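*Asks:* Return atomic coordinates for the entry below.
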Amino acid sequence: CWRSTVVALLRCVRSINVENRKRAIVTGAAGFIGGHLLERLISLGWDVAGVDDMSAGHPELLPNPVRSLIGTADFASANVLNAVGHVDVVFHLAAVPRVSYSVEHPLETHRTNYDKTIALIDSIRLAHRRPRIVMASSSSVYGDGVPLPTAEESACLFAQLSPYAMQKLQCEMALRMYWQLYGVDSVALRFFNVFGPRQLGSSPYAQAIAAWLTAYHEGRNLRSDGDGEQQRDMCYVSNVVDACIAAALAPDKLCAKALNVGCGQRVSNNAILAFLGERLGSLTVERAPVRPGDVRITHADISAARSVIGYVPTVDIWDGIARTMAWYADHYACGGVG
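*Replies:* Residues are numbered from 1 along each chain as shown. Presented below is the predicted three-dimensional model:
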């Protein structure tokens with residue numbers, strides 16, 4: 001059974017060998033999106049294993065059945081690369097996803113985000129049975145000054161504002177090359193500003209909603225960069241999980257396409273802060289400089305994802321924020337930290 005190849009490394013539960021049961025590996029499985037994806041796959045009956053180097057993962061936030069399927073390892077380690085030929089899908093979510101961190105550490109993030117991804121893709125090329133790759137990309141590949149809402153063909157070389165954005169576009173280009181030369185099937189999902197439960201906000205690189213809810217529950221002032229009128233297409237995490245699974249199950253070859261995954265609407269930071277203030281009470285907001293590499297506006301055209309994989313977001317931003325607030329309230333009521 002395929003899992004016998006990775007059981008020592010991933011410390012997974014007993015091997016399962018059921019006919020017609022989808023098999024998958026999730027990289028970055030202890031991360032925010034990875035944990036939600038792994039949890040959903042288990043609920044759907046997939047035979048799945050997760051891997052995470054725990055540099056930024058939080059397995060302690062996950063339910064025990066999910067946590068037990070995650071092994072601590074680099075996704076480009078030999079045992080993981082040797083296992084990819086035994087699954088149907090590799091969900092590649094592992095990365096150093098923080099834009100401002102990549103500005104400060106361009107070489108380090110390049111090695112993880114690009115070099116190791118190439119190793120993963122090439123191991124799939126060499127596998128006797130090639131899985132489909134569903135790779136997390138990012139709206140940051142567009143840079144500023146693109147038409148709104150932004151369609152996939154708007155991504156241009158040299159428009160990227162950070163090493164992270166450049167690295168993600170390079171990975172997309174690698175997927176296209178591996179499809180054209182070797183027939184490795186894949187899709188790059190360009191995530192737009194994902195948020196939701198289990199996204200902790202204590203890091204200086206944290207996403208805004210997570211950072212604000214963490215600060216509120218810890219009695220600190222909320223930080224807002226710039227004038228607060230920057231706008232984001234905020235996408236609740238369950239929508240992103242829906243897109244990942246839809247991409248994995250798409251019946252036709254995906255041919256290394258890049259697809260936007262957002263909600264198709266945008267909202268300003270100030271509007272989100274106003275929404276939080278109405279529900280949490282008076283908030284003290286401190287203005288800070290704009291962070292290097294940040295894009296002013298993101299707004300996804302999701303028509304291609306709807307057409308190709310049937311993606312339709314089901315949770316809008318305000319419902320998603322309400323759900324996220326409820327999780328934070330429970331998390332801190334139980335003594336959690338951000």
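*Asks:* so what's the residue nearest to residue 254 when sequence neighbours are not counted up against?
*Replies:* In space, and not counting its chain neighbours, residue 254 is closest to residue 187: 4.1 Å by Cβ to Cβ, 6 or more residues apart in numbering. No exception for glycine: its C-beta is placed from N, CA and C like everyone else's. The contact partners of residue 187, taken as Cβ atoms under 8 Å, 6 or more residues apart in numbering, are 132-135, 175, 247, 250, 254, 256-259, 309.
*Asks:* again, 7 Å this time
*Replies:* If a contact means Cβ atoms under 7 Å, 6 or more residues apart in numbering, then residue 187 has 134, 247, 254, 256, 257, 259 as its contacts.
*Asks:* Among those residues, which one sits closest to residue 298?
*Replies:* Of all those, residue 298 sits closest to residue 259, with 15.1 Å by Cβ to Cβ.
*Asks:* what pairs with the closest one across the strands?
*Replies:* Applying DSSP bridges to residue 259 gives these bridge partners: residue 189.
*Asks:* That one touches residue 306, doesn't it?
*Replies:* No: the criterion here is Cβ atoms under 7 Å, and residue 259 misses it with residue 306 at 9.3 Å.
*Asks:* Those two: who's more crowded?
*Replies:* Here residue 259 and residue 306 are set side by side on neighbour count (other Cβ atoms under 10 Å), and the busier one is residue 259, at 24 against 16.
*Asks:* Next, find the distance separating that one from residue 297.
*Replies:* Using Cβ to Cβ, to the nearest Å, one gets 20 Å for the distance from residue 259 to residue 297.
*Asks:* sorry, back to before: would you format the contacts of residue 187 as TSV with secondary structure and distance to residue 42 included?
*Replies:* Output for the contacts of residue 187, formatted as TSV (DSSP: H, G, I helix; E, B strand; the rest coil; distance: Cβ to Cβ, whole Å):
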residue	secondary structure	distance to residue 42
134	strand	17
247	helix	18
254	coil	24
256	coil	28
257	strand	27
259	strand	25
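*Asks:* for the chain, which spans come out with low pLDDT?
*Replies:* Along the chain, the model assigns pLDDT under 70 to residues 1-20, 205, 338.
*Asks:* hey, where'd the helices end up in it?
*Replies:* Under the criterion DSSP state H, helices of the chain are mapped to 7-10, 32-43, 64-67, 78-83, 99-104, 106-110, 116-126, 163-182, 208-217, 237-249, 269-280, 303-309, 317-333.
*Asks:* Mind putting these into TSV with distance to residue 144?
*Replies:* Converted to TSV, those look like this (distance: least, Cβ to Cβ, whole Å):
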stretch	distance to residue 144
helix 7-10	41
helix 32-43	24
helix 64-67	37
helix 78-83	36
helix 99-104	13
helix 106-110	19
helix 116-126	25
helix 163-182	11
helix 208-217	18
helix 237-249	23
helix 269-280	16
helix 303-309	21
helix 317-333	22
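*Asks:* how about the ones you listed, which one is nearest residue 228?
*Replies:* Each of those was checked against residue 228 via Cβ to Cβ, and the shortest separation belongs to helix 269-280, namely 4.0 Å.
*Asks:* Can you name every helix or strand that that closest one contacts?
*Replies:* Applying 3 or more Cβ pairs under 7 Å, 6 or more residues apart in numbering; DSSP states H and E, one finds that helix 269-280 makes contact with helix 208-217, helix 317-333.
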